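Participant: Sequence and computational prediction follow.
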Amino acid sequence: MNSTLVRDAVALVARIGLGVVFIAHGWQKLNTYGLDGAAASFEMMNIPLPTASAYFATFVELIGGGALILGIFTPLAGLLLFVDMLGAAILVHFENGVFAADGGYELVVALGVGALLLASFGAGRISIDGLTKGKTALLA
């Protein structure tokens, strides 16, 4: 499993899987609740700066998820998505225990550490970052 091709293929699968979930969550905030509704929800959860936090979470998830899928700006996108999930874990989910069914932190931790891995190790060669030899990676 130490093959470069295998690592690149696994990074592609991870980027697509994580990207789809992040886009879905960002789209849910934007399309289902609207930014005002997301901000109101954040306010009810006592999230600091609820309007700014709702905008940050929505657009980091939408744009960052898309960036992961394409493999462009991967270290930056992964880092911002990790910060987004760290905030969600600390401010909302930790108090509910582990399981997502109880409002717990398992999903946000899995998404966050997956994004952090991609931020740290990059998108692989099967990506825009890979095709441009890292010129679009920014933080690489």
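Facilitator: On my side now, so go ahead.
Participant: distance of the residue nearest the centre of the chain from residue 119?
Facilitator: Nearest to the mean C-alpha position of the chain, by Cα atoms, centre = their mean, lies residue 81 at 3.4 Å. With the distance defined as Cβ to Cβ, to the nearest Å, residue 81 ends up 8 Å from residue 119. For the C-beta atoms, the positions are set from N, CA and C on the backbone; glycine is no exception.
Participant: If we ignore the residues flanking it in sequence, what's nearest the residue nearest to the centre of the chain?
Facilitator: Among residues not flanking residue 81 along the chain, residue 115 sits closest, at 3.8 Å (Cβ to Cβ, 6 or more residues apart in numbering).
Participant: And the one you found, what's its pLDDT?
Facilitator: In this model, residue 115 is scored at 98, pLDDT.
Participant: burial of it, as a residue count?
Facilitator: 30 (other Cβ atoms under 10 Å).
Participant: Determine the set of other helices and strands touching the stretch of helix or strand it belongs to.
Facilitator: Assessed by DSSP states H and E, residue 115 sits inside helix 106-121. When contacts are defined as 3 or more Cβ pairs under 8 Å, 6 or more residues apart in numbering; DSSP states H and E, helix 106-121 sits against helix 4-27, helix 50-70, helix 74-88.
Participant: So which residues make contact with the first one?
Facilitator: By Cβ atoms under 8 Å, 6 or more residues apart in numbering, the residues outside helix 4-27 that reach it are 57-69, 71, 74, 81, 111, 114-115, 117-118, 121-127, 130.
Participant: Please consider this matter closed, and thank you.
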